[in-house]
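**Student:** Could you work out the structure for the sequence below:
(4 chains)
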Protein chains: 2
Amino acid sequence: MPDLRSLETFFWVAQLGSFRGASERLHTTQPAVSVRIAALEKELGVRLLERGPRVATLTAKGRLLLDYAERFLRLRAEMMSVVAEPGAMSGVVRLGVAETIVHTWLSRYIERVHAIFPKITLDIEVDVSPNLRNVLVEHQIDLAFLLGPISDPNISNHDLCRYPLAFVASPKLDLGRGPVTLERLTAVPIITYPKTTRPYIALRELLGTAGLPTPRIYGSSSLSTIVRMTLDGIGISVIPPVVIAAELARGDLRIVKPELQLADLAFTCCLATTPDSSPLSALAKLACDVAEEDRLEREPIPLFDKRARSKAI
Amino acid sequence: MPDLRSLETFFWVAQLGSFRGASERLHTTQPAVSVRIAALEKELGVRLLERGPRVATLTAKGRLLLDYAERFLRLRAEMMSVVAEPGAMSGVVRLGVAETIVHTWLSRYIERVHAIFPKITLDIEVDVSPNLRNVLVEHQIDLAFLLGPISDPNISNHDLCRYPLAFVASPKLDLGRGPVTLERLTAVPIITYPKTTRPYIALRELLGTAGLPTPRIYGSSSLSTIVRMTLDGIGISVIPPVVIAAELARGDLRIVKPELQLADLAFTCCLATTPDSSPLSALAKLACDVAEEDRLEREPIPLFDKRARSKAI
DNA sequence: AGAGGTTACGGGCAGCGTAAGGATC
DNA sequence: GATCCTTACGCTGCCCGTAACCTCT
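**Tutor:** Below is the predicted model of the structure:
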């Protein structure tokens, strides 16, 4: 009589077409997967997978079983969400986060997760959104907060938060007198997110359509590095001011042109829709909640002065 | 994450309202059940059962879980029947059999089961039908071949075979000359199935409506004993002649009145419809097949002489 | 006192990870 | 040779069964 672990293992081998892949997905070793599948085939008296040199493909019986395995995992996920105490959910959830989120509400999110789901371990990986997208669709992470949404049948998206972009510079960077025009800005290097990312591409496009000579654009995958370089007066950066609240308050940085013709950075919570995603949707909802809380604190209701409110809290 | 074994255990505890009962149903010990339920409750962080002094009752969460457990077992049974090789099914099936069947086709059935399901062990219990009925509804056996059908929502019935009853006597028993009337028969003791059984009751009723003085009726729960007593000339027995084919052929017994106003013994295959009944339906179908084969051999197509055919086979 | 459930403890075995062994490109 | 799956082996740790304990009728 097969147990759920064997079926789960089989599901992932079938899904990924690879024993090795399944072993990584299940946080175990490849021989363990091999032996579980072998045991499953022996128990059922049926060959489930045709081991090809490069990929494992399902046999006819295997396709039948895959359907059942999926139903089992779905049923387990539903059961856990319905009957289990949230605090009892355990496991490792691999979370990919765009760095901007790290600088806004990630730590609050982590605290909340640990408070509500004490037995869930978060494996956090910080990277730029395109990379996160790739590892998410390949099931190497389960959940991601990134510039989205991701159009993929297996991924569901939920809006998290939006941050406007702005040109930011150190006060010691001399931009001359008078209104700061786009043309004036492009005289100095521009520092922003790396080439593959949406802000970089949008910025390049903006400057291109403006008919301006293409400025030097430095891309860095580390937001902290961008801030550091900007503080050092190396150039003007295009980042959301929300991540440099402290520097702005201290006067170490200033917003030199807020009315930027660039779309806001819109962050999305993306989760792979696997059949065994029981705690994931709860974690995703929590992320939406935390993002909303954070937004409310940053953009308080107009009755209150921003500084006064931030003291009050 | 709970495994199927825990859920199955929980299901039976809930179903039977007893840890001990579940332990017997699952062929394990009572502490094992206790520990599994405790682990399940800990994993889910929820109390599932309220342990009363006499019975265990479900909590609200427990009722929720019971539904899921049932769905899991059903799904597993369906999966096994669809994808598993029949020969791979394993387990212990507790079979209750009325003794008449033992004297007809049970041994053939056992052979067939072992041939088709080599990994299934049959626990066979021979008893009279009313007793079998009781242990079946109490889930102490899984399958029964008995005088049925059983009207119970949790039991499904399939017709197996019908055997006419007849008055049987030893040739040495003197019944006088001329046609054997009911009245003449009741002069000697009648030996048949025990008081609680359908043939006994029907016979009693028959004799009662005939307005005859109630004869002495000996009931024996052992068909072999009835035969023995009949051979010894203690009385006339009311049994299906099918079980004494050898004695009839040898002339040790004779049918003294075949046209009996008693309904045939109609045997039924009864199986408890539990959610985890994967091999049971296959075993039930096999029983129907074997009974049918047996019937064909006993009542061959009219073209063949009975004796000739039985030699040919 | 007896039935039913829990807890404690020792032993067996399943399943894991490490490591070596094919097979296929 | 590189990659992937399988097999072998030693070991840990879980889970079972025995037995003693607890509680309630």
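
**Student:** what does the stretch 51-200 of chain A put close to DNA strand C?
**Tutor:** Proximity of the stretch 51-200 of chain A to DNA strand C, by C-beta under 7 Å from any atom of the strand, involves residues A:53-54. No exception for glycine: its C-beta is placed from N, CA and C like everyone else's.

**Student:** let's go with 6 Å and repeat that
**Tutor:** By C-beta under 6 Å from any atom of the strand, the residues of the stretch 51-200 of chain A that approach DNA strand C are A:Pro53.

**Student:** hey, where'd the strands end up in the stretch 51-200 of chain A?
**Tutor:** Applying DSSP state E, counting those that start in this stretch to the stretch 51-200 of chain A gives strands spanning A:56-58, A:91-97, A:120-126, A:143-147, A:155-163, A:166-169, A:190-192.

**Student:** quick one: buried residues of whichever helix in chain A runs longest?
**Tutor:** Ordering each helix of chain A by length in residues (DSSP state H) puts helix A:60-83 first. Neighbour-count burial for helix A:60-83 flags A:61-62, A:64-66, A:68-73, A:75-77, A:79-80, A:83 (criterion: 16 or more other C-beta atoms under 10 Å in any protein chain shown).

**Student:** what are the phi and psi angles of the residue nearest to A:Glu99 when sequence neighbours are not counted?
**Tutor:** Spatially, and ignoring its direct neighbours in sequence, A:Glu99 is nearest to A:Leu223 (4.3 Å; C-beta to C-beta, 6 or more residues apart in numbering or on different chains). Per-residue torsions, A:Leu223: phi -60, psi -40 (degrees, to the nearest 10).

**Student:** my guess is A:Leu223 contacts A:His103, does it?
**Tutor:** Yes - at 6.2 Å, A:Leu223 and A:His103 qualify as touching, with contact defined as C-beta atoms under 8 Å.

**Student:** So for these two, which residues contact both of them?
**Tutor:** Common neighbours of A:Leu223 and A:His103, using C-beta atoms under 8 Å, 6 or more residues apart in numbering or on different chains, are A:Val243.

**Student:** More neighbours: which of these two?
**Tutor:** A:Leu223 (23 against 18; other C-beta atoms under 10 Å in any protein chain shown).

**Student:** Next one: that one from A:Pro194, what distance?
**Tutor:** For A:Leu223, the distance to A:Pro194 equals 11 Å [C-beta to C-beta, to the nearest Å].

**Student:** any idea which helix or strand carries A:Ala245?
**Tutor:** Assigned by DSSP states H and E, A:Ala245 belongs to helix A:245-250.

**Student:** Can you tell me what sits against that helix?
**Tutor:** A:227, A:231, A:241, A:253-255.

**Student:** Just the buried positions in it, please.
**Tutor:** Within helix A:245-250, the residues that count as buried by 16+ other C-beta under 10 Å are A:Glu247.

**Student:** Equivalent analysis for stretch A:124-142, please.
**Tutor:** Under the neighbour-count criterion of 16+ other C-beta under 10 Å, stretch A:124-142 has A:124, A:126-129, A:131-133, A:136, A:139-142 buried.

**Student:** Then stretch A:194-212?
**Tutor:** A:194, A:197-200, A:202-204, A:206-207.

**Student:** Put together TSV for those residues, with pLDDT and distance to B:His27 on each row.
**Tutor:** Below are these laid out as TSV (pLDDT from 0 to 100; distance: C-beta to C-beta, whole Å):
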residue	pLDDT	distance to B:His27
A:Pro194	89	62
A:Thr197	87	61
A:Arg198	85	61
A:Pro199	85	64
A:Tyr200	87	66
A:Ala202	84	67
A:Leu203	83	70
A:Arg204	83	71
A:Leu206	79	73
A:Leu207	79	76
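
**Student:** got a pLDDT number for the residue lying closest to A:Val135 once chain neighbours are set aside?
**Tutor:** Of all residues not flanking A:Val135 in the chain, A:Ile141 sits nearest, at 5.0 Å (C-beta to C-beta, 6+ apart). Looking at A:Ile141, its pLDDT is 87.

**Student:** What of A:Met89?
**Tutor:** What the model reports as pLDDT for A:Met89 is 86.

**Student:** Just the buried subset of the contacts of helix A:245-250, written out for PyMOL, thanks.
**Tutor:** Of the contacts of helix A:245-250, the buried ones can be selected in PyMOL as follows, counting by 16+ other C-beta under 10 Å:
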select buried, chain A and resi 227+231+241+253+254
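
**Student:** Out of the contacts of helix A:245-250, which sit inside helices?
**Tutor:** Judged by DSSP H, helices contain the following of the contacts of helix A:245-250: A:227, A:231.

**Student:** what stretches of the stretch 51-200 of chain A score poorly on pLDDT?
**Tutor:** For the stretch 51-200 of chain A, applying pLDDT under 70 flags the ranges A:175-180.

**Student:** Mind telling me which residue of the stretch 101-250 of chain A is nearest chain B?
**Tutor:** A:Lys119 (9.1 Å; C-beta to the nearest C-beta).

**Student:** number of nearby residues for that residue?
**Tutor:** A:Lys119: 13 neighbours (other C-beta under 10 Å).

**Student:** Who are the contact partners of it?
**Tutor:** A:Lys119 is in contact with A:87-91, counting by C-beta under 8 Å, 6+ apart.

**Student:** Who are the contact partners of A:Pro279?
**Tutor:** Neighbouring residues of A:Pro279 by C-beta under 8 Å, 6+ apart: A:80, A:89, A:91, A:93, A:117, A:120.

**Student:** What of A:Ala84?
**Tutor:** Taking C-beta under 8 Å, 6+ apart, we find A:Ala84 in contact with B:43-46.

**Student:** Throw these into TSV and include secondary structure, distance to B:Val33 and pLDDT, thanks.
**Tutor:** Below are the contacts of A:Ala84 laid out as TSV (DSSP: H, G, I helix; E, B strand; the rest coil; distance: C-beta to C-beta, whole Å; pLDDT from 0 to 100):
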residue	secondary structure	distance to B:Val33	pLDDT
B:Glu43	helix	16	91
B:Leu44	helix	17	93
B:Gly45	coil	20	91
B:Val46	coil	18	92
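
**Student:** TSV for these, including distance to A:Ala39?
**Tutor:** Below are these laid out as TSV (distance: C-beta to C-beta, whole Å):
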residue	distance to A:Ala39
B:Glu43	23
B:Leu44	27
B:Gly45	30
B:Val46	31
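
**Student:** Tell me, how many residues neighbour whatever residue of the stretch 151-300 of chain A ends up closest to DNA strand C?
**Tutor:** For the stretch 151-300 of chain A, the residue closest to DNA strand C is A:Asp276, as judged by C-beta to the nearest atom of the strand, at 16.0 Å. Residues contacting A:Asp276 under the criterion other C-beta under 10 Å number 22.

**Student:** Not counting residues beside it along the chain, what's closest to it?
**Tutor:** Closest to A:Asp276 by C-beta to C-beta, 6+ apart is A:Leu73, at 4.1 Å.

**Student:** DNA strand C versus the one you found, what's the distance?
**Tutor:** Going from A:Leu73 to DNA strand C by C-beta to the nearest atom of the strand, to the nearest Å gives 16 Å.

**Student:** try A:Ala84
**Tutor:** Taking C-beta to the nearest atom of the strand as the measure, A:Ala84 falls 19 Å from DNA strand C.

**Student:** Could you list the domains of chain A?
**Tutor:** Chain A breaks down into these domains under automatic domain parsing: A:4-83, A:86-162+A:266-298, A:166-263.

**Student:** Of these, which is nearest DNA strand D?
**Tutor:** In terms of C-beta to the nearest atom of the strand, the element of the domains of chain A nearest to DNA strand D is domain A:4-83, at 3.3 Å.

**Student:** ok, back up a step: of all the buried residues of stretch A:194-212, which comes closest to B:Pro213?
**Tutor:** A:Arg198 (103.7 Å; C-beta to C-beta).

**Student:** Hmm, that closest one is touching A:Leu146, no?
**Tutor:** No - the pair A:Arg198 / A:Leu146 is not scored as a contact, 9.8 Å apart, by C-beta under 8 Å.
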